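Q: Okay, structure incoming, though there's no sequence with it:
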């Protein structure tokens, strides 16, 4: 039974998976379907966490919009996620950045990796 599920999941994997880590500032190009029309909406924010592996891998991005924190979670292999573009690499020392939820303004920034 498990082998059948594994085969179905392999078909749904994307060929190229974007390379980013927790703490990076990314732009997520998300396809939105409204009735018959579809458009691409950009969501830019900091990657808070990356979960799971294989086909079920998800990532959460957080941004501040009009002083209110907004978090969205996407599956990496979702057909609705057109691409993920890394704007800035972040320097963090933990896998989950839940402490950013309590911070506003400059306190909510992550240090940038200079290469």
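A: Good, I have the coordinates. Everything quoted here is computed from the prediction, not taken from an experiment.

Q: check contacts around residue 87.
A: Under the criterion of C-beta atoms under 8 Å, 6 or more residues apart in numbering, the contact partners of residue 87 comprise 24-27, 44. Yep, even glycine has a C-beta here, placed from its N, CA and C like the rest.

Q: in which helix or strand would I find it?
A: strand 81-88 (DSSP states H and E).

Q: likewise residue 61?
A: Element membership for residue 61 (DSSP H and E) is strand 58-65.

Q: May I see the buried residues of that strand?
A: Under the neighbour-count criterion of 16 or more other C-beta atoms under 10 Å, strand 58-65 has 59-62 buried.

Q: go on, stretch 97-112?
A: Across stretch 97-112, burial judged by 16+ other C-beta under 10 Å covers 97, 100, 108, 110.

Q: Leaving out chain neighbours, which residue sits closest to the first one?
A: This means residue 97. With C-beta to C-beta, 6 or more residues apart in numbering as the criterion, residue 97 has its nearest non-adjacent residue at 4.9 Å, and that residue is residue 48.

Q: Wait, a helix at the one you found?
A: No. Assessed by DSSP: H, G, I helix; E, B strand; the rest coil, residue 48 does not belong to a helix; its assignment is strand.

Q: Distance from the chain centre to the helix or strand of the chain with the lowest mean pLDDT, please.
A: Among the helical and strand segments of the chain, the one scoring lowest on mean pLDDT, DSSP states H and E is helix 2-12, with a mean of 85. A distance of 23 Å separates the centroid of the chain from that of helix 2-12, by C-alpha atoms, centre = their mean, to the nearest Å.

Q: Please apply the same query to stretch 92-109.
A: On the basis of C-alpha atoms, centre = their mean, the separation between the geometric centre of stretch 92-109 and that of its chain is 16 Å.

Q: again with stretch 70-89
A: With C-alpha atoms, centre = their mean as the basis, the mean position of stretch 70-89 lies at 4 Å from the chain mean.

Q: Could you do stretch 7-16 as well?
A: On the basis of C-alpha atoms, centre = their mean, stretch 7-16 sits 19 Å off its chain's mean C-alpha point.
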